[in-house]
Every structure is written in C-alpha cells, then in structure tokens.
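1. here is the input, now give the coordinates:
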Amino acid sequence: KDLLSRVPPRPVTVTGRAWTTEQKVEALTGRLLRGPVNLVELILDCEDRLEAVVTFVALLELLRQGRVGVRQKESFGAIIVEWRHR
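-> Sure, this is the predicted structure:
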C-alpha cells in the first residue's frame with residue numbers, strides 16, 4: 001500500500017497508455033533477462049498506478065510460471081527479482 005501511494009495517479013486530462021498483462025509479461029521478461037532488478041524500482045518506474053498494478057500482476061504470473069525468482073536478504077530489506085535460467 002505504501003509503495004502504491006508513491007506512484008502518481010493518472011491525470012484526469014491525460015490519456016495514459018493501456019497495458020495488458022501479456023504486454024507487461026513480455027516487457028518484464030526483456031528487462032529481467034538483462035539482470036536482476038529491485039521490486040520497488042520496477043514499480044516506481046511505472047507512469048501511473050494502473051501500470052503499477054498491471055506490472056505487479058504480470059510479475060505474479062511470471063512467478064507462477066516459475067520463470068522468475070525473488071529474494072530478500074533481510075526482513076524489510078530490498079526485494080530483488082531475477083530471471084531463472086533453466
């Protein structure tokens with residue numbers, strides 16, 4: 001909730017880009033193949049809250065498929081998302 005409140009809401013007068021989960025899965029795959037990324041950075045790179053939510057759902061889908069892994073060294077520490085090489 002705290003992280004989502006840091007992503008700016010979509011302005012009413014500007015039409016933002018619409019993302020599908022499939023598009024975000026593809027975009028995340030390309031990004032994660034270049035190396036691990038901090039989850040907070042991934043979310044804060046989003047243009048608005050809708051994109052942040054779709055990004056998170058796409059990440060959950062990649063986790064469900066076993067294509068990515070997450071690690072956290074300490075409680076409340078950075079959550080790192082990385083591609084799993086099969």
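
2. tell me which stretches of this structure form helices.
-> Along the chain, counting by DSSP state H, helices occupy 2-5, 21-33, 39-44, 49-64.

3. what mean pLDDT does the first one get?
-> If I follow you right, that is helix 2-5. Helix 2-5 shows a mean pLDDT of 80.

4. buried sites along it?
-> Buried positions in helix 2-5, judged by neighbour count with 16 or more other Cβ atoms under 10 Å: none. Bear in mind the C-beta positions are built from the backbone N, C-alpha and C, glycine included.

5. hmm, who's touching that helix?
-> Residues from elsewhere that reach helix 2-5 (Cβ atoms under 8 Å, 6 or more residues apart in numbering): 40, 43-44, 49, 52-53.

6. next one: the third one
-> Outside of helix 39-44, the residues within contact range by Cβ under 8 Å, 6+ apart are 3-4, 6-7, 28, 31, 52, 55-56, 59, 70, 78-81.

7. next one: the second one
-> Residues outside helix 21-33 that contact it (Cβ under 8 Å, 6+ apart) are 37, 42, 54-55, 57-59, 61-62, 67-68, 81-83.

8. ok, back up a step: of the contacts of helix 39-44, just the buried ones, PyMOL syntax please.
-> Applied in PyMOL, the following selects the buried portion of the contacts of helix 39-44 according to 16+ other Cβ under 10 Å:
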select buried, resi 7+28+52+55+56+59+81
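
9. just the contacts of helix 39-44: which has the poorest pLDDT?
-> For pLDDT, the smallest value among the contacts of helix 39-44 belongs to Leu4: 77.

10. now it: how far from Gln65?
-> Here the criterion is Cβ to Cβ, to the nearest Å. By it, Leu4 lies 24 Å from Gln65.

11. next one: Asp2
-> With Cβ to Cβ as the criterion, Asp2 and Gln65 are 28 Å apart.

12. and what of His85?
-> 14 Å.

13. likewise Gly35?
-> Separation of Gly35 from Gln65 (Cβ to Cβ) stands at 19 Å.
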